[in-house]
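[1] got a structure for you, letters missing:
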Ligand SMILES: Nc1ncnc2c1ncn2[C@@H]1O[C@H](COP(=O)(O)OP(=O)(O)O)[C@@H](O)[C@H]1O
Ligand SMILES: [Mg+2]
């Protein structure tokens with residue numbers, strides 16, 4: 001196995017001007033399209049998990065960084081080799097991330113390579129800073145404000161980020177301090193799902209809306225995040241985050257009610273029979289609008305999208321959550337309930353709770369079939385491409 005490598009032995013790392021050469025090591029994250037690796041300076045380092053890259057592959061993807069930085073750096077690349085057009089799109093995606101990182105809304109991008117090829121096609125890659133987020137480390141209420149600041153900041157930049165879910169969110173590590181006020185950021189700047197909302201027509205009345213487009217866009221993002229994660233609670237998510245389901249449901253109702261207020265001069269957030277702000281009318285939409293996107297995540301068919309589908313599904317989820325909260329109450333009565341709003345409800349255990357004002361038509365709870373975000377995404381993708 002005598003490697004003919006010119007300048008290193010197995011143990012030593014390669015020092016260069018400006019730092020040490022690092023290479024991708026083992027897989028630390030995976031999504032529908034990309035995989036993410038930690039880094040090592042040892043080109044021969046074995047991977048504890050399934051080795052995806054050979055030493056030869058890895059050697060072609062070096063980055064020079066300071067040794068002390070290496071724990072904070074990751075390599076991101078598409079899972080499959082690409083044609084030159086898609087390799088270019090990966091480059092654009094990373095450049096968009098880079099732009100957002102300057103605003104403190106994404107991890108910094110250190111290097112982008114869209115030239116590398118193998119016999120199958122382009123195998124572009126990028127190095128960025130690492131960040132982490134496990135939604136199960138937090139109660140919803142503990143992160144609600146931090147996330148809202150992220151949504152506000154993205155909207156303030158003129159963008160909407162629609163693929164909002166745990167896997168695309170992370171917490172920037174500000175000098176290793178784990179502060180109470182976590183700084184949330186996005187990873188994954190797929191331009192089909194992150195785009196300008198220029199031209200957004202929030203009203204068809206001809207009157208100015210009484211609420212900023214920015215605020216509306218941020219509210220749409222918040223709505224998407226809550227409804228998706230709330231739906232996951234009780235399916236693939238079963239952890240402390242789901243403790244505040246009532247708060248999530250109430251926040252959704254609040255957002256819904258806000259846009260049902262005709263004096264704001266906007267379309268509603270969700271509607272049984274008309275246009276909604278979630279359709280982003282007037283915007284040049286790359287693939288699917290947020291309402292269609294939600295339809296895919298809610299396991300409905302985005303191809304047959306109708307405004308009613310979102311309405312019914314959201315109502316169904318709200319209803320099942322509120323019912324579940326009420327049912328569980330007798331079991332875990334003594335603790336873990338928020339004092340404020342739930343108390344009055346927990347007192348009355350009458351079945352009339354199923355007929356809350358948000359449930360004109362109670363429907364059976366959602367199917368138990370597991371929904372994965374990447375599955376929904378692939379589905380939406382397939383339907384549209
Ligand atoms: N900078 C990062 N630091 C740590 N983990 C990351 C980072 N970027 C992405 N990941 C992890 O890798 C997964 C896939 O990355 P993502 O960019 O979302 O790709 P995809 O396009 O496949 O969804 C993410 O869900 C996340 O868990
Ligand atoms: Mg992703």
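    Received, thanks. For clarity, every value in this text was computed on a predicted model and none was experimentally measured. Ligands and ions are numbered 1, 2, ... in the order given.

[2] switch to C-alpha atoms for all contacts and neighbour counts from now on
    OK.

[3] Return the set of buried residues in the longest helix seen in the chain.
    As assigned by DSSP state H, the longest helix anywhere in the chain is helix 307-329. Residues of helix 307-329 classed as buried: 307, 309-326, 329 (neighbour count, 16 or more other CA atoms under 10 Å).

[4] Show me the shaky parts of the stretch 1-150 of the chain.
    Within the stretch 1-150 of the chain, the segments meeting pLDDT under 70 span 1-12, 48-51.

[5] Flag every residue of it that's near ligand 1.
    Within the stretch 1-150 of the chain, the residues that sit near ligand 1 (CA under 6 Å from any ligand atom) are 29-36, 107, 128-132.

[6] So which of those residues belong to strands?
    Among these, the members found in strands (DSSP state E) are 29, 30, 34, 35, 36, 128, 129.

[7] Any stretches of the stretch 251-385 of the chain with poor pLDDT?
    Looking at the stretch 251-385 of the chain by pLDDT under 70, you get 324-385.

[8] ok, now with 50
    The model of the stretch 251-385 of the chain has pLDDT under 50 over residues 328-375, 377-385.

[9] can you pull out the helices in it?
    Counting by DSSP state H, counting those that start in this stretch, the stretch 251-385 of the chain has helices at residues 290-297, 307-329, 342-347, 373-384.

[10] next one: the stretch 51-200 of the chain
    55-59, 84-102, 140-156.

[11] one step back: elements contacting the longest helix of the chain?
    Counting contacts by 3 or more CA pairs under 8 Å, 6 or more residues apart in numbering; DSSP states H and E, helix 307-329 is packed against helix 213-232, helix 245-260, helix 290-297, helix 342-347.

[12] most tightly surrounded among those?
    Mean neighbour count (mean count of other CA atoms under 10 Å) peaks for helix 290-297 among the helices and strands packed on helix 307-329, with a mean of 26.

[13] just how off-centre is it within its chain?
    Centre-to-centre, helix 290-297 and its host chain are 13 Å apart (CA atoms, centre = their mean, to the nearest Å).

[14] elements contacting it?
    Secondary-structure packing of helix 290-297 (3+ CA pairs under 8 Å, 6+ apart): helix 213-232, helix 307-329, helix 373-384.

[15] In its sheet, which strands sit next to whatever helix or strand residue 20 lives in, and in what direction?
    Element membership of residue 20 [criterion: DSSP states H and E] is strand 19-30. Partner strands and pairing direction for strand 19-30 (DSSP bridges) are strand 15-16 (antiparallel), strand 34-40 (antiparallel), strand 63-65 (antiparallel).

[16] Domains in the chain, by residue range?
    For the chain, the domain assignment from automatic domain parsing gives the residue ranges 14-129, 135-383.

[17] circling back to that earlier point, output the helices of the stretch 51-200 of the chain in a markdown table, with mean neighbour count and distance to residue 218 appended to each entry.
    Output for the helices of the stretch 51-200 of the chain, formatted as a markdown table (neighbours: other CA atoms under 10 Å; distance: least, CA to CA, whole Å):
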| stretch | mean neighbour count | distance to residue 218 |
| --- | --- | --- |
| helix 55-59 | 15 | 40 |
| helix 84-102 | 19 | 16 |
| helix 140-156 | 19 | 5 |
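
[18] Out of the ones you listed, the one nearest residue 297 is which?
    Of all those, it is helix 140-156 that lies closest to residue 297, at 19.4 Å by CA to CA.

[19] which helices and strands sit right next to that closest one?
    Short answer (3+ CA pairs under 8 Å, 6+ apart): helix 140-156 packs on strand 183-186, helix 213-232.

[20] Just checking: what are the partner strands of the first one?
    Going back to what we said before, that points to strand 183-186. Sheet partners assigned to strand 183-186 using DSSP bridges are listed as strand 169-172 (antiparallel).

[21] partners of the nearest residue to residue 65 once chain neighbours are set aside in the sheet?
    Nearest residue to residue 65 in three dimensions, chain neighbours excluded: residue 19, at 4.9 Å (CA to CA, 6 or more residues apart in numbering). Beta bridges link residue 19 to residue 16, judged by DSSP bridges.

[22] cool, the one 4 residues further on as well?
    For residue 23, the beta-bridge partners under DSSP bridges are residue 40.

[23] Hmm, it is touching residue 57, no?
    No. The criterion here is CA atoms under 8 Å, and residue 23 misses it with residue 57 at 9.4 Å.

[24] sorry, back to before: out of the helices and strands packed on helix 140-156, flag the one nearest ligand 1.
    When those are compared by CA to the nearest ligand atom, strand 183-186 sits nearest ligand 1, at 8.5 Å.

[25] How about residues contacting that closest one?
    Outside strand 183-186, the residues that touch it by CA atoms under 8 Å, 6 or more residues apart in numbering are 104-107, 146-147, 150, 168-174.

[26] among these, who's most crowded?
    In terms of neighbours by other CA atoms under 10 Å, those top out with residue 106 at 28 neighbours.

[27] That residue reaches residue 97, doesn't it?
    Yes. Proximity of residue 106 to residue 97 meets the contact threshold set by CA under 8 Å, at 6.2 Å.

[28] Common neighbours of these two, please.
    Listed as contacting both residue 106 and residue 97 by CA under 8 Å, 6+ apart are residue 187.

[29] Now tabulate the helices and strands packed on helix 307-329 in JSON lines and tack on distance to residue 82.
    Compiled in JSON lines, the helices and strands packed on helix 307-329 are given as follows (distance: least, CA to CA, whole Å):
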{"stretch": "helix 213-232", "distance to residue 82": "30"}
{"stretch": "helix 245-260", "distance to residue 82": "40"}
{"stretch": "helix 290-297", "distance to residue 82": "25"}
{"stretch": "helix 342-347", "distance to residue 82": "52"}
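
[30] Format those as CSV; extra columns: distance to ligand 1.
    As requested, those are exported to CSV (distance: least, CA to the nearest ligand atom, whole Å):
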stretch, distance to ligand 1
helix 213-232, 14
helix 245-260, 23
helix 290-297, 14
helix 342-347, 33
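
[31] wait, which of the ones you listed is closest to residue 66?
    helix 213-232 (36.4 Å).

[32] how far off helix 290-297 does that closest one point, in degrees?
    10 degrees (axes from the mean of the first three to the mean of the last three CA atoms, to 10 degrees).
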